[in-house]
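[1] structure for this input, please:
(2 chains)
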Amino acid sequence: MGRKLLLEHINVPGINTFDVYRSKGGYASVEKALKTMSPDAVVEEVKKSGLRGRGGAGFPTGMKWSFLAKPEGVARYLVCNADESEPGTFKDRYLMTYIPHLLIEGMITSSFALGANTSFIYVRGEMMPQIRILEKAIAEAKAKGFLGKNILGSGYDLELYVQPGGGAYICGEETALLESLEGKRGNPRIKPPFPAIAGLYGCPTVVNNVESIAAVVPIINEGGDEYAKLGIGRSTGTKLISAGGNLKKPGVYEIDLGLPVEEFLYSDEYCGGIANGKRLKAVVAGGSSVPILPANLILKTINNEPRLMSYESLADGGFVTGTMMGSGGFIAYDEDACIVRNTWNFARFYHHESCGQCSPCREGTGWMEKVLHRLEYGHGKQSDMDLLVDISKKIEGNTICPLGDAAAWPVASAIRHFRDEFEWHVTNASEAVSRNYGLAHYADPLPTPEPVAG
Amino acid sequence: MKVTIDGIPVEVEPGTSILNAARQIGGDIVPPAMCYYSKLEGSGGKCRTCLVKVSKGSEKDPRPMPKLVASCRTTVMDGMEVQNITSPEVIEARKGVVEMLLINHPLDCPVCDQAGECHLQDLGFEHGAAKTRYEFDRRTFEKIDIGDKIQLHMTRCILCYRCVFTADQITNTRLHGILNRGDHSEISTYISKAVDNDFSGNIIDVCPVGALTDKTFRFKNRVWFTKPVDAHRDCDKCCGKTTLWYKGEDVIRVTGRKDVYGEVEEFICNTCRFDKKKTADWIIEGPRKISHKSVISSNHYEFIPLPVVKTNPVLMEANKEQFERDTRL
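    Purely as a prediction, here's the structure:
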């Protein structure tokens, strides 16, 4: 079993209270950072750790921090993105519910590193219980002198606020989040300028995921080099994976990056295999936005190497045979899952959540949803698959924010890998509404390439 | 700063957008723009018709940009090389955007007052397909009267946000905005308010399609049967420089003076626009010059310059359709 950094004390009774959290070594990173380190040293430590953003894009956090503009006399802000609403991802909610002080500790240390005196946690509006938990935890931390004026006698001031979100998936996009935080309609901004130059209220801002900020705590406690020893290659440290779908033991798992997917799926320590003794059909490896992969390609890459849970290995093969780490929403589908229905469901989500600002996404997501709905209910045509691929191509890359890409990838990849099933929905329309296509040959082992003579 | 657009170099001020640099060159290489409006700060970036390919970032950093960029919101860098109509990728993306814009558009041009001066019509003509691949019901809305002079027909709207920016920037209070999200979003007032402001009429001028129309002109005439004449009057609210649209002896419409990109030179007030519809109110300057490519200039027997046959082989190859059309005239 790998080492747990974030969820080490998750099962300690009362860990959501300040006293128990403190007795388990909590807030040590704040003490260490504020008393012995300079802000730049903290940033340097995070850079050394190689921590990559846990929200989906995987951009190195230390790099992001060092890009922050530091003009004189202008406030800087740290905003924590807790607007977790990607279908299949629930790690941040878990973290905030059970161990809220970890996030607050991370926020204090990170704000110190960035020189922010006001920081925000933008929590999805639907997560009202978590908002209450965080507010209570902030009040406790403030009462003990870890927040407010002159924290621990270091002369550093920090106010931390929790902001309930505007109730839209798009508010999780960093610039839309800032708009929403400013009290406007949550439309993504056109970049450049990036938030590091002009973000919240036009001031330099860093937006980080809950898990990235929580990961700063072990990095400061143990040192960046120590953290970088975990994981594999450029994917360092541990990652929370929200495993869901047809698994024996779904839930949030903390894994060392670099764990083989097969072990994660089938070992009893983690997901424990597919529920009800069925076989695996497909996996969405990182939340609904990433390409779906059939069972054979998720366990082994196209070069017949075992696929690992790391940013690089999951992306091996590009969009043709690979997928992405995304936000870590691992959804497994068994042999009875209908890929067409699932793709329709995802398309419906993106249709519902498109902000409507730029035309390809506004019109294209709705169009894809309607075509997929028609396919699922047995009114499809053979030409629909090509139409869907074409629409997804016209959306991808032509939009303001990544929501357009996120809407296009699942559809394009489902058709790429499961075209037979889509065609079966057209040719056997009456059967398609009453039963599922099943496994077909997707779980077969990959064909071994013929050795080329000479 | 030196920028090259489709192989044509141009010197521009720092901070100019690619679109404005292209407009300084003029001609076929100007990307179409549905939502960008140079007089409105912050507009642009939404419709995605002006996407271009940046094949060389700048002199310092020659890497190309990974995605197509919205030319209206991307500032030029020294030594930047941009491909517009010479890039098949851009043409393809633009076709896609036009198709997306049209799938929910009612295409009721035969009864639409904007027909003839509609940007979406031009865009569809240049880049659109003859047939639609969309086989579902189109989105429809009820017509709304916002104020006694302006009618909003949301079904035609392409959500360019220009009218929102106009109301924000040239009127004191904005009463309309975007409600809902995604393809349900609509321009509306909350709740059923009348837009009543001295400059509210400008939202008609900035609308690239027929979503916002002048109720004093609705269904009066096709624009290409009217004669545009420049005129001015002393107005205490605005500059008073307008274009009058004549049918016979009658002024049937007053608008701002629109340039070749459909942008008004100066915004005018509602008194000039809606109330002064007699020739006696105005000092006539002379006929308004309209590009001979516009349908409005049809039936106006003026000298039409012969089309220039382009000799740039790259341009000829990429713009074959356009070339054929021009030489047919």
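[2] measure the one residue sitting closest to the centre of chain A to chain B for me?
    Within chain A, one residue has its C-alpha closest to the average C-alpha position: by CA atoms, centre = their mean, that is A:Ser327, at 1.6 Å. Here the criterion is CB to the nearest CB, to the nearest Å. By it, A:Ser327 lies 22 Å from chain B. From N, CA and C alone the C-beta is placed, and that goes for glycine too.
[3] could you pull out the strands in chain B for me?
    B:2-5, B:8-11, B:51-56, B:69-70, B:80-83, B:143-145, B:150-153, B:176-179, B:186-189, B:212-214, B:227-232, B:241-247, B:250-255, B:283-287 (DSSP state E).
[4] same thing with the stretch 151-300 of chain A?
    A:159-164, A:205-209, A:231-232, A:235-236, A:238-245, A:251-256, A:259-260, A:280-284, A:292-294 (DSSP state E, counting those that start in this stretch).
[5] need the strands of chain B in CSV with distance to A:Asn428 and mean pLDDT, can you?
    What follows is these, written out as CSV (distance: least, CB to CB, whole Å; pLDDT from 0 to 100):
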stretch, distance to A:Asn428, mean pLDDT
strand B:2-5, 53, 92
strand B:8-11, 56, 92
strand B:51-56, 40, 94
strand B:69-70, 44, 94
strand B:80-83, 46, 94
strand B:143-145, 45, 90
strand B:150-153, 44, 93
strand B:176-179, 43, 90
strand B:186-189, 40, 90
strand B:212-214, 49, 94
strand B:227-232, 61, 92
strand B:241-247, 60, 93
strand B:250-255, 59, 93
strand B:283-287, 67, 91
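[6] residues contacting the closest residue to B:Lys143 other than its chain neighbours?
    Among residues not flanking B:Lys143 along the chain, B:His153 sits closest, at 5.0 Å (CB to CB, 6 or more residues apart in numbering or on different chains). The neighbourhood of B:His153, defined by CB atoms under 8 Å, 6 or more residues apart in numbering or on different chains, consists of B:141, B:143, B:210-213.
[7] how does it look with 7 Å?
    B:143, B:210-211, B:213 (CB atoms under 7 Å, 6 or more residues apart in numbering or on different chains).
[8] between those residues, which is closest to B:Lys53?
    Closest approach to B:Lys53 among the contacts of B:His153 (CB to CB): B:Ala211, at 30.6 Å.
[9] and for whatever residue of chain B ends up closest to chain A, the neighbour number?
    Residue nearest to chain A within chain B: B:Gly96 (3.1 Å; CB to the nearest CB). B:Gly96: 23 surrounding residues under other CB atoms under 10 Å in any protein chain shown.
[10] of the strands of the stretch 151-300 of chain A, which is nearest chain B?
    Here strand A:159-164 is closest among those (CB to the nearest CB), at 17.8 Å.
[11] okay, buried residues for that closest one please.
    Residues A:160, A:162-163 are the ones in strand A:159-164 that count as buried (16 or more other CB atoms under 10 Å in any protein chain shown).
[12] could I get the strands of the stretch 151-300 of chain A as a markdown table with distance to chain B and mean pLDDT?
    Shown next, in a markdown table, are the strands of the stretch 151-300 of chain A (distance: least, CB to the nearest CB, whole Å; pLDDT from 0 to 100):
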| stretch | distance to chain B | mean pLDDT |
| --- | --- | --- |
| strand A:159-164 | 18 | 95 |
| strand A:205-209 | 19 | 95 |
| strand A:231-232 | 26 | 90 |
| strand A:235-236 | 22 | 92 |
| strand A:238-245 | 25 | 94 |
| strand A:251-256 | 30 | 94 |
| strand A:259-260 | 31 | 93 |
| strand A:280-284 | 22 | 93 |
| strand A:292-294 | 23 | 93 |
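[13] with respect to B:Val69, which of those strands lies nearest?
    Of all these, strand A:205-209 comes closest under CB to CB, at 22.2 Å.
[14] what residues are up against A:Gln163?
    Counted by CB under 7 Å, 6+ apart, A:Gln163 has contacts A:120-123, A:181.
[15] just the ones in strands from these, please.
    Those of those lying in strands (DSSP E): A:120-123.
[16] ok so, going back, neighbour count and distance to B:Arg73 added to the contacts of B:His153, as JSON lines?
    Conversion of the contacts of B:His153 to JSON lines gives the following (neighbours: other CB atoms under 10 Å in any protein chain shown; distance: CB to CB, whole Å):
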{"residue": "B:Lys143", "neighbour count": "12", "distance to B:Arg73": "32"}
{"residue": "B:Gly210", "neighbour count": "26", "distance to B:Arg73": "26"}
{"residue": "B:Ala211", "neighbour count": "25", "distance to B:Arg73": "23"}
{"residue": "B:Thr213", "neighbour count": "22", "distance to B:Arg73": "28"}
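[17] widest-spaced pair of the residues you listed?
    B:Lys143 and B:Gly210 (11.3 Å).
[18] distance of the nearest residue to A:Ile190 once chain neighbours are set aside relative to B:Thr74?
    Spatial nearest neighbour of A:Ile190, excluding adjacent residues (CB to CB, 6+ apart): B:Gly45 at 4.0 Å. For B:Gly45, the distance to B:Thr74 equals 9 Å [CB to CB, to the nearest Å].
[19] what of A:Val46?
    A:Val46 is 31 Å from B:Thr74, by CB to CB.
[20] ok so, going back, check the ones in strands among the contacts of A:Gln163 against chain B and report the nearest one.
    Chain B lies nearest to A:Tyr122 out of these, by CB to the nearest CB, at 17.9 Å.
[21] hang on, the closest one packs against A:Ala82?
    Yes - A:Tyr122 lies in contact with A:Ala82 (CB atoms under 7 Å); the separation is 6.1 Å.
[22] neighbour count for the two, which is higher?
    Taking other CB under 10 Å, A:Tyr122 and A:Ala82 do not tie; A:Ala82 has more neighbours (29 against 24).
[23] residues touching that one, list them.
    A:92, A:96, A:121-124, A:210.
[24] so the closest residue to B:Phe225 other than its chain neighbours bridges to which residues?
    Counting by CB to CB, 6+ apart, B:Lys247 is the residue found nearest to B:Phe225 once chain neighbours are left out, at 6.8 Å. Beta bridges link B:Lys247 to B:Asp250 when assigned by DSSP bridges.
[25] if we can go back for a sec, the residue of chain B closest to chain A and A:Lys394 touch, don't they?
    Yes - under the criterion of CB under 7 Å, B:Gly96 lies in contact with A:Lys394, with a separation of 3.1 Å.
[26] common neighbours of the two, please.
    Joint contacts of B:Gly96 and A:Lys394 (CB under 7 Å, 6+ apart) are A:Pro360.
[27] so for stretch A:59-74, what gets flagged as buried?
    A:60-62, A:64-65, A:68.
[28] any residues touching it, and which ones?
    A:43, A:46-47, A:50-53, A:76, A:113-114, A:196-197, A:203-204, A:206, A:208, A:212.
[29] among those, which are located in helices?
    Counted as lying in helices by DSSP state H, out of the contacts of stretch A:59-74, are A:43, A:46-47, A:113-114, A:212.
[30] point out the residues in chain A that sit beside chain B.
    A:168, A:185, A:190, A:351-352, A:354-360, A:362-364, A:366-367, A:370, A:387, A:394, A:397-398, A:400 (CB under 7 Å from any CB of the partner chain).
[31] so how far is stretch A:321-339 off the chain centroid?
    Its chain's C-alpha centre and that of stretch A:321-339 lie 14 Å apart, by CA atoms, centre = their mean, to the nearest Å.
[32] closest one of the contacts of A:Ala82 to B:Asp275?
    Of the contacts of A:Ala82, the one sitting nearest to B:Asp275 (CB to CB) turns out to be A:Tyr122, at 49.1 Å.
[33] bridging residues for the closest one?
    A:Asn81, A:Gln163.
[34] residues in contact with it?
    A:Tyr122 neighbours (CB under 7 Å, 6+ apart): A:79-83, A:163, A:165, A:177, A:181.
[35] how far away is A:Ser29 from B:Tyr134?
    55 Å.
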